[in-house]
Structures are given as C-alpha cells and as structure tokens.
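Peer 1: Need a 3D model of the sequence below.
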Amino acid sequence: MNKNKVIKIAIIGNPNVGKTSLFNKLTGLNQKIGNYTGVTVDKKIGFFYYEKNYYQIIDMPGTYSIYPSSEDEEIIIKLLLNKKNIDYPDKIIVVADSSNIKKSLFLLRQIQDLGFSVLLVLNMIDEAKKKGILINIKKIKKLLFTDIVSVNARKGIGINILKSKLKNFKNKKKIFFNPELYYYSAIKEIKKNFLIDSYTSWYYLSSNKINIKSDYKNFLIKKIKKKYGIISRRLQIKETIVRYEEINKIYSDTIYYIKNNSYINFSRKIDDILIMHPLLGYITFLVIIFFIFQSIFFLSEFPKNYIEFFFNFFQRKIENSYNGPLSNLLTQGIIPGITTVFTFVPQISILLFFLFIMEESGYINRVVFLMDKIMRPFGLNGKSIVPMISSIACAIPAIISSRHIENYRDRLITMLITPFITCSAKLPVYILIISLIIPDEKWYFFQLRGIVLMIMYFIGIISAFIIAMILNKILKKNYNSHLIIEIPTYKVPIIRNIFINIWIHIKSFIFNTGKIILLINILIWVLGSYGSPILKYNNVREQKLDNSYLGLLGKKIEPLIKPLGYDWKIGIGLLSSFVAREVFVSTMNSLYKIENKNNENLNKIMKDDFDKVTKKPIYNIPTGLSLLSFYAFSMQCTSTLFILKKETKSWIWPIIQLTFMTILSYIISLLIYQILMRIC
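Peer 2: Numbering: from 1, shown residues only. This is a model prediction of the structure:
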C-alpha cells in the first residue's frame, strides 16, 4: 500500500461499548469536530501515524443494527452504502462490550455481509472477567471469520496490538445471510437494476428509510415491493430470526459463566442504597448538582483573576508605549474581547469536567432511569433528561441529541423546553451579575453566590417542566411510550479521556464563539468611539460615549427597557448577546473600557456606575434580579433558533418560541423590578 495513502477506518458499535474511549486512545489530541454532510449531527474525525501509514478514524453514532431507528443512526448506513462519500471507510472496527457481545455480533454480521473487512474489538475484557464471563477468543475468532483484538480502551491496554493489525487485516469473503433463499425473484430484480450484491438488495427491500437520491430508483423499489407483496418490517424480522439462530449457537459454544457475583452485587448495592433509591437517589442528585455549582465559583476564581491580571498588565504596557487610534482599538476593543473569551474558559471547563465525570462513571444512565417517573406527568420519558443535562453545556448539541427520542411528539416537546435550561453561555453572565449584587459571604463551606447560581439553574429546570406540562396538554398523545435503557456497571473515570474531551470543546469554543465575541467587541468599539465630527475633539470621554453611534442607538431603545431597570448600556449588551449570550460580558467590558481608561476590574467599574438622574447605583438588587430573570427566560441565541428550525424542518416553531420566550422574559423582569423597587 502506498505509504502516502490515508487508510480510512470507521468505528461502529452499540451505544455505551466504549467507541469514543477507543477513538480517543487511537487519535489523542489529533482530532476535530465537524458535521456530516447535510445534517447537524456532530462527527469526530481523528488521525494517527503508525509504521509509515496514515490512518483516518471516524467515530460513528451508536447503533444496534444497520436499520436506523433515529436520524443519527441513519448516518451510518448512508456512509456504508455510498462509495463516493469522502469518509467512505476502507475497513471497519466493530467495538463490542465483552460482557454483552450478543447484540454486537448481530451488527458485526450485517456489516460483514455488506462486504467490508471488519476487525472485532472486544472492549472491557477485564470487566467481563469481574462479572464471571469468560470468552474463548480462539474459537469465536474461527466461528466469526474475523480477527479479534481484546482491549481496555479506557486504560489504553491492547491499543498497540490493535494498531499493528489495522494495516493488513482482511476478512475471508463469506455470505452469512443469503437473501436469495427467501425472496429470490425480488432480489434478482433489484440486483439487475441496481448492479449491487444480494445483501444490499435485501437492505433496499427491507428498509423503510432508503434515502436514494434517484427518484427513479425509489419508484422502482416501491414497484418491486408491491409486485412481490413485500412488507419491509417482515423482512427485518426474518433476518433477525435467522441471524440469531447462528449467533446463539456461537454464543453458547464460546461464552462461559463462572460464579462471581461480588462485582455485580457491589454495583447493585450502591444503586439500591444511594443512587437509584426512590428518595435518596434524588437527594444524591441534588447534592451532586449543588457541589458542582459551588465548585464553579470556588475553583474558577483564581484562574479567572490570573487571566485578568495578565491581560491588564499587557494592556497597560501598550497604553504606556503608544497612544492613538490603534492603541485604543487594541486596549478598548481587541484585548477586552480576548480577555472575556479566556475568562470563560475556567468556568466552562469546570462544568464540562463534572458532566464528563458523570458520563464516564455510568451515572448519567442512572439519572435517565431515575428521572423517568418524574418526566411522565409532563408527557416525557427519562430519555428527555439527556438533552436537558446536555443543555447545561450548550442548547445546540442538546437539541440534536433529542434525536434518540423515537416519537416526534416527545422529541418536539423536549426540543422546545431545552432552551429554558441554563447553558454554559449564560454562566459568565450570571456570574458577573451575581458578583455585582450578591455579597461575597460564606457559611462554613457554602458560598452565598454559589447558592444563588444554583437557584438560577433550578429556575431554568422548573420553567422547562412547566412549559412541558403546558405542551403536553396542547399536543395530544395517542400512544404509550416506554423507556428501554441499559444500566452499566460503575467505572472509574479515566482523567486523560475527560481532559481530551474538555480540550476539544474548549478549543471549539475559543475558535468559534471566541471569533464572534472578538468581532462584536471590535464593532462595539468602533460604534462607541465615533459619532458626529464634533465629537472627535470632545475630550470628555463620558459625553463622547453618550453621543457616539452606539450611545445614540442605545438611547433609542432605552424607553423600552427603562421599566425593567436597564439603562442604554445594558440595552446594547442585550442586543449584542442575542448572537451569543456570553457576548453580554464582553460588550459591557468594551463599553466601560471606552468610557473608563483606568485598568480596573470590570466588576468594580460596574459597581461604581451611578444613574445620572437618581445618583443611585445602576446595578442594585432590583435591576440585577430583573436582568438575571431576563436571561433565565429569554431565547438563548440565534444559533439555537437555526438548529430548532433545521430539526423541526419549519420556521413555525422557532418563531413561536422566540416570540413566547421574549414576551415571557420581559413580563417577568418587569414585574420583578417594579415590585422590588416598591419594597426596597
């Protein structure tokens, strides 16, 4: 093989078998996140070099078979049937959980019959032994007609052996399921018209989601189905029965059980006593969430201050060495924007760290099961909790992850309530406002600001449930939904895997959202530094900002937001943050840097800002709580709207949601400010 040729390999397997851990071990930090062509599902592609060969690895969504039950699973078969796809694999790795390989063997056989060279990776072999499960590797390898590698992807055991086999492995050509034995005439007709093999022909007849671009071919398939009285679902059932007859025989001949229940019993005891107990399970979940939000304030404070100190030092150096428009652009526009981006990193990293810990340990699956009973009265099931938890990081992947919910009605409700959950983009805004209005007090280990932050998250969750309950009444349900989920044994999280995932997300944040923040900061500086020609000679910086293009725009919208307790600067912050919520902080940073040349902390500058008429602080308790409420109930960002439109395939729901959330946030903020002003 030409050493310059990139060998393309797809990693495929059931959900929760360790595909991503294997992907991370093979590629390390040499990976990127993109989108599959034509859809919004994220794809992870990584690269590595081994023994003079370059390899591209693509981590595919989890699936139990090549017959898709959701849109992200559909991506797999689209790739495997399209040789013109840029990511079309030369070979495939099928990953199986060693303690539960039967379902993986079904998927393995289907991919083998599609004609691919397949390497079977038995992951977590040590976990299987702890459960008393032994696998005769030599015998199962012979029966499956494929090479097998045993690994522990989380710990990196067996990875070098796997790499050594990737170049040369090639399966013997053998048909495991022969469709012509059951629908000979129909298969022959498809083969003749499409020039494809028997099993691919069978797939076209047995799948309800073919997605062939040619209208003629789609018409032809439907015509052949009608001609031979073919019902796709019956073909899938037939294939499942035939394949499992073989798989059950292989399983019984190669898998052995020994009496070793202590490992499983330990996991069950933890669940029964603490994690999935009908009362203590919810208390444990609340304690974990409480700890996370305390940590966000406590642990992010030092790195945040260090980052601000470094950039302020750099800013002073520029101001002292050069004075002029370029210096102003750097010190009042670019540097404040960069500072804001990097001060978000500690907060988001801490939040992601705990989310990945819960995912790696197996706790998330238990939360899904635990929350199922709570979700039912709201017209949802436990699977809806995954998008809701994901939304704590970002609403966009959270809305995409709702594709795992099979029924469209439940999925629609989940997508519509997801933006009410506080995302990481709102986190810097909350922290800034809370720091302005809430004293820095502690009760033993409990931070008052951390408690307020947790309350803001709970407000988002409660709001989401209330909206779900309303939608449940409006959108009628004519079926019964059920939750089917596997509960894995507990695993010790691999810190390296967690930090790789954090780095990928932080890198994406810096280079994607960071660019938006920086561009808006520069725009804010330009609009805030220039106005009518007379202003160029005005040395009073405060008056200059008031009468700049930015000030004039802000004062146009001030009458609309004044009843909420906001001045025109806050109004500019609200407008700019609609692009991305965290932009509010960078906008305020730029505004006050233009107005105030002192290199002071943004918190101090904003605390010292007074209303010119009332001579009272602008950021008081009523204004602060009103502003927190506005961000709690308003739509998250424009990207969320576009994703919602793409997922619902209509602008109707995004427009309804934007209108409803904007009116709701305005009314609640208005009531809070007006009531508190009368009380205070």
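Peer 1: Can you list the low-confidence ranges for the stretch 401-550 of the chain?
Peer 2: Counting by pLDDT under 70, the stretch 401-550 of the chain shows low-confidence ranges at 401, 403-404, 406-407, 477-486, 513, 517, 528, 530-547.
Peer 1: the helices in the stretch 51-200 of the chain, which residues?
Peer 2: With DSSP state H, counting those that start in this stretch applied, the stretch 51-200 of the chain shows helices at 71-80, 102-113, 125-130, 137-144, 159-166, 184-194, 198-206, listed in chain order.
Peer 1: and the fourth one, what other elements does it pack with?
Peer 2: In other words, helix 137-144. strand 148-151, helix 232-254 (3 or more C-beta pairs under 8 Å, 6 or more residues apart in numbering; DSSP states H and E). No exception for glycine: its C-beta is placed from N, CA and C like everyone else's.
Peer 1: How about the first one?
Peer 2: The criterion is 3+ C-beta pairs under 8 Å, 6+ apart, and the helices and strands that helix 71-80 contacts are strand 6-13.
Peer 1: do the longest one as well
Peer 2: Contact partners of helix 102-113 among helices and strands, from 3+ C-beta pairs under 8 Å, 6+ apart: strand 6-13, strand 91-97, strand 117-123, helix 232-254.
Peer 1: Kindly report the same for the fifth one.
Peer 2: Using 3+ C-beta pairs under 8 Å, 6+ apart as the contact definition, the elements that helix 159-166 packs against are helix 19-27, strand 42-50, strand 117-123, strand 148-151.
Peer 1: quick one on the thing from earlier: out of the helices and strands packed on helix 102-113, which gets nearest to P278?
Peer 2: strand 91-97 (28.6 Å; C-beta to C-beta).
Peer 1: quick check: angle from the closest one to strand 6-13?
Peer 2: Angle of strand 91-97 versus strand 6-13, following axes from the mean of the first three to the mean of the last three C-alpha atoms, to 10 degrees, is 30 degrees.
Peer 1: Name the residues that touch strand 91-97?
Peer 2: Strand 91-97 is touched from outside by 7-14, 16-19, 22, 104-105, 107-108, 111, 116-124, 127-128, 153, 162, 166, 169, with contacts defined as C-beta atoms under 8 Å, 6 or more residues apart in numbering.
Peer 1: What segments of the stretch 201-350 of the chain are strands?
Peer 2: 255-257 (DSSP state E, counting those that start in this stretch).
Peer 1: Okay, buried residues for the helix or strand hosting I667 please.
Peer 2: Taking DSSP states H and E as the criterion, the element that holds I667 is helix 652-679. Across helix 652-679, burial judged by 16 or more other C-beta atoms under 10 Å covers 653-654, 657-658, 661, 664-666, 668-670, 672-673, 676.
Peer 1: same deal with stretch 345-365?
Peer 2: Quick answer for stretch 345-365 (16+ other C-beta under 10 Å): 345-360, 362-365.
Peer 1: Okay, and the beta partners of Y54?
Peer 2: V6, Y49 (DSSP bridges).
Peer 1: My read is that it contacts F47, right?
Peer 2: Yes. Using C-beta atoms under 8 Å, Y54 makes contact with F47 at a distance of 6.7 Å.
Peer 1: overlap in contacts of these two?
Peer 2: Counting by C-beta under 8 Å, 6+ apart, the residues touching both Y54 and F47 are V6.
Peer 1: And stretch 92-110, how far out from the chain middle?
Peer 2: 26 Å (C-alpha atoms, centre = their mean, to the nearest Å).
Peer 1: same deal with stretch 112-128?
Peer 2: The chain centre lies 27 Å from the centre of stretch 112-128; the measure is C-alpha atoms, centre = their mean.
Peer 1: pLDDT of that stretch, averaged?
Peer 2: Across stretch 112-128, pLDDT averages out at 88.
Peer 1: before we move on, the earlier item: take the helices and strands packed on helix 159-166 and lay them out in TSV including distance to N521 and mean neighbour count.
Peer 2: TSV is the format used below for the helices and strands packed on helix 159-166 (distance: least, C-beta to C-beta, whole Å; neighbours: other C-beta atoms under 10 Å):
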stretch	distance to N521	mean neighbour count
helix 19-27	34	24
strand 42-50	28	17
strand 117-123	46	23
strand 148-151	47	20
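Peer 1: Least reliable of the ones you listed by average pLDDT, please.
Peer 2: Among the helices and strands packed on helix 159-166, strand 42-50 scores lowest, with a mean of 81.
Peer 1: tell me the angle of that one relative to helix 159-166?
Peer 2: 90 degrees.
Peer 1: Which neighbouring elements make contact with strand 42-50?
Peer 2: Packing partners of strand 42-50 (3+ C-beta pairs under 8 Å, 6+ apart): helix 19-27, strand 31-35, strand 53-59, helix 159-166.
Peer 1: Report the angle between the longest one and helix 159-166.
Peer 2: Using the same axes, to 10 degrees, the inter-axis angle of helix 19-27 relative to helix 159-166 is 80 degrees.
Peer 1: what's helix 19-27 in contact with?
Peer 2: 11-13, 31, 44, 46-48, 55, 57, 59-60, 62, 93, 95, 121, 123, 151, 153-154, 156, 159, 162-163, 494, 496-497, 500-501.
Peer 1: are any of these buried, and which?
Peer 2: Those of the contacts of helix 19-27 that meet the buried threshold are 11-13, 31, 44, 46, 48, 55, 57, 59-60, 62, 93, 95, 121, 123, 151, 153-154, 156, 159, 162-163, 494, 497, 500-501, by 16+ other C-beta under 10 Å.
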